[in-house]
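Trainee: Can you look at this prediction? I've put the sequence above it.
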Amino acid sequence: MTLRPLTLAVMAVLCAAPLDDVVARSAEAAPASSTPAEITIEPARFAPPPISAMPEEPASRLRPLITRYRADREALEHVRSLVDDGREPLYAPSRAQLRAGLVANWQARLAELDTNTLNQDDRLDRLLLQRELALDATAQTFGKERYEALRGLLPGYDDLVALLEARRDLRQADPRRTADVLERVRRDLEARASRLTAASGAPEVSPTLALRAAQHASALRRGLEDWHTYQSGYDPQFSWWVDAPYAALDKQLEAHGTLLRDKLGGAADPETLRADPIGDAAIAEALAAEGVDYSPAELMAAAEKELAWCQAEMDKAAREMGARDWREALERVKQHHVAPGEQPRLVVELADEAVHFLEARDLLTVPDGAKRDWRMTMLTPEYQLQAPFFLGGQDVWVAFPTDGMPHERKLNALRGNNRHFSRAVVHHELIPGHHLQHWYAQRHSTHRSSFDSPFWTEGWALYWELRLYDMGFAGTPEDRVGMLFWRSHRAARILFSLGVQSGRMTPDEAVALLVERVGHEPENAKAEVRRSIAGDYGPLYQVAYLVGGWQFRALHEERVTRGGWSEREFHDRVMREGSMPIRFLRERLFDRVGGEAPQEPWHFLDSPANTSAR
């Protein structure tokens, strides 16, 4: 799993780079000694290969256009952002108008291109940019609809946003008029809160809408704080008129947000799980944008079959272990954890094991620099409340109990990060998974970085979990149980993500699903669901793991099993093409990119490679 903005950008590094970034470490533990172990530096690990060995990047007519659009979009976002902490749900009319104009103008420019003069790569880039523009337009419409639904809970919302946008227009606030606005909004909020508090019988607003409004109230406070600091103290008239009504409004906004969140939203306890479903129509649109030609019901049916297949396989492993069933086998596996302080050493051992397995079978190119071009950080106890297992991307973040954790949490963390579970995810986070993706993305088709899709990002790492299992990477029944646990988890993610986002399943029911049908520890299950619905990830992000894995398996069957490509040729080509929805990648690998997005349905679940889901 990657850290996404979380944009879904990579989390800020928590500690300085360890020496192991440039040190070749043995997979076996060094013996304890009072003398420091000898360190061997390998400078060649980061040396460039000969020029003749570097693959040439094809000339691109679209690359400059993509670069320009990205710069224009980033400039707009930089200038028009109303809250600078990256957590802004606010709807701003002027910004929305500018975004709509940017999208419309770029769509017109792309329409001027004669696709008959474009090669395959340029056609692909054109389609990907068209898709990104269309998604931006859809997101704007969706954001406005959700804003309209909550306006009644936040009187004065538009007036406050207008103040924030005026600052972005480089207009100084008129002190007297601004004070009047702030005081009027404060009184309106106070009156609205009184009516909400006095309401009896059926609630006036749904908990979901109340929580969404509470997020907007919090964002308004953060935006106004920065807005106030900008002029107060520098303009004596502003300070004289505005400081007092601003302080009163800030206090009222805080109280109003608390009312919305705690009383109407039912989230007074920070441990409470609350979701904000996007609904069936938005789910269908999101799947279509990813080129997934299946309905939510069809994907959930496939996930049920995958989950049943995993449990049958776990029962086989359980019999080899002498256990009664998969639950007892899973319980035994959870006891196989390393001692405190030994988890980092285990991560290095498991990372090297995966690389050796790949290279021995010539499955793909693992550049020498990539083998140690990563850092390791231990997740804090606080972060493990939301991410109780490994995370990764450019680097790897390791979950393991700390000495200050309550006893029960320590046991949960030990059991959830045992040797066999860890063995099943280290290669997902590092090589051939996310770290290798990051390594290639920095060096090949870099202009496609903004076309990222979770079905490509997480699907690739999950695809390798499926392939490695098929190839016997799990040599013991305990290791098979570890891999099957995570595979079951991916299937359950489809079930609870689509269930919660459609509004047909509650977060608590999602937790129960993970505990009862996958075998999660209750606290770990709760943390997984919390992370999935917190808003740091797109609503279909968790669906993308296994669905993307199924797509890659089907594509491998088409190009390698039946198409005659070698394993290395296929996997290296995928990495060099860069990130995009797998449906578009499929067209490029068959050299059939046209002037329009592919229309013929791709029934990847019908592939012989995906029998476990059929």
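Mentor: Sure, I can see it. Since we're looking at a predicted model, the values are computed, not measured.
Trainee: Can you list the buried residues in the strand or helix carrying Ala166?
Mentor: Ala166 belongs to helix 157-168 when assigned by DSSP states H and E. Burial within helix 157-168, assessed by neighbour count using 16 or more other C-beta atoms under 10 Å, is assigned to Tyr157, Leu160, Val161, Leu163, Leu164, Glu165, Ala166, Arg167. (Each C-beta comes from the backbone N, C-alpha and C, glycine too.)
Trainee: mind listing what's buried in stretch 115-130?
Mentor: So, applying 16+ other C-beta under 10 Å, buried residues of stretch 115-130: Leu118, Asp121, Asp122, Arg123, Leu124, Asp125, Arg126, Leu127, Leu128, Leu129, Gln130.
Trainee: out of those, which are inside helices?
Mentor: Asp121, Asp122, Arg123, Leu124, Asp125, Arg126, Leu127, Leu128, Leu129, Gln130 (DSSP state H).
Trainee: Can you lay out these as a markdown table showing distance to Pro507 and pLDDT?
Mentor: Below are these laid out as a markdown table (distance: C-beta to C-beta, whole Å; pLDDT from 0 to 100):
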| residue | distance to Pro507 | pLDDT |
| --- | --- | --- |
| Asp121 | 43 | 95 |
| Asp122 | 45 | 96 |
| Arg123 | 43 | 96 |
| Leu124 | 39 | 97 |
| Asp125 | 39 | 97 |
| Arg126 | 41 | 97 |
| Leu127 | 37 | 97 |
| Leu128 | 34 | 97 |
| Leu129 | 36 | 97 |
| Gln130 | 36 | 97 |
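Trainee: In JSON lines: these, plus distance to Arg372.
Mentor: What follows is those, written out as JSON lines (distance: C-beta to C-beta, whole Å):
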{"residue": "Asp121", "distance to Arg372": "32"}
{"residue": "Asp122", "distance to Arg372": "36"}
{"residue": "Arg123", "distance to Arg372": "38"}
{"residue": "Leu124", "distance to Arg372": "33"}
{"residue": "Asp125", "distance to Arg372": "33"}
{"residue": "Arg126", "distance to Arg372": "38"}
{"residue": "Leu127", "distance to Arg372": "37"}
{"residue": "Leu128", "distance to Arg372": "32"}
{"residue": "Leu129", "distance to Arg372": "35"}
{"residue": "Gln130", "distance to Arg372": "39"}
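Trainee: and these, which two are the farthest apart?
Mentor: Asp121 and Gln130 (14.9 Å; C-beta to C-beta).
Trainee: before we move on, back to that, turn the buried residues of helix 157-168 into a markdown table, columns for pLDDT and distance to Leu211.
Mentor: Output for the buried residues of helix 157-168, formatted as a markdown table (pLDDT from 0 to 100; distance: C-beta to C-beta, whole Å):
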| residue | pLDDT | distance to Leu211 |
| --- | --- | --- |
| Tyr157 | 97 | 16 |
| Leu160 | 98 | 20 |
| Val161 | 97 | 20 |
| Leu163 | 98 | 25 |
| Leu164 | 97 | 22 |
| Glu165 | 97 | 25 |
| Ala166 | 97 | 29 |
| Arg167 | 96 | 28 |
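Trainee: List the residues that contact Gly257.
Mentor: By C-beta atoms under 8 Å, 6 or more residues apart in numbering, the contact list for Gly257 reads Ala214, Ala217, Ser218, Arg221.
Trainee: List only buried entries from the residues you listed.
Mentor: Ala214, Ala217, Ser218, Arg221.
Trainee: Spell out the residue ranges of the strands in the chain.
Mentor: 376-378, 391-392, 396-398 (DSSP state E).
Trainee: Nearest to Lys410, out of those?
Mentor: strand 376-378 (14.2 Å).
Trainee: still on that earlier bit, against which helices or strands is the helix holding Ala166 packed?
Mentor: Applying 3 or more C-beta pairs under 8 Å, 6 or more residues apart in numbering; DSSP states H and E, one finds that helix 157-168 contacts helix 63-80, helix 93-111, helix 175-198, helix 207-231.
Trainee: 7 Å instead?
Mentor: Helix 157-168 sits against helix 175-198, helix 207-231, with contacts defined as 3 or more C-beta pairs under 7 Å, 6 or more residues apart in numbering; DSSP states H and E.
Trainee: and among those, the most buried is which?
Mentor: helix 207-231 (a mean of 20; mean count of other C-beta atoms under 10 Å).
Trainee: Which neighbouring elements make contact with it?
Mentor: Counting by 3+ C-beta pairs under 7 Å, 6+ apart, helix 207-231 packs on helix 120-150, helix 157-168, helix 236-258.
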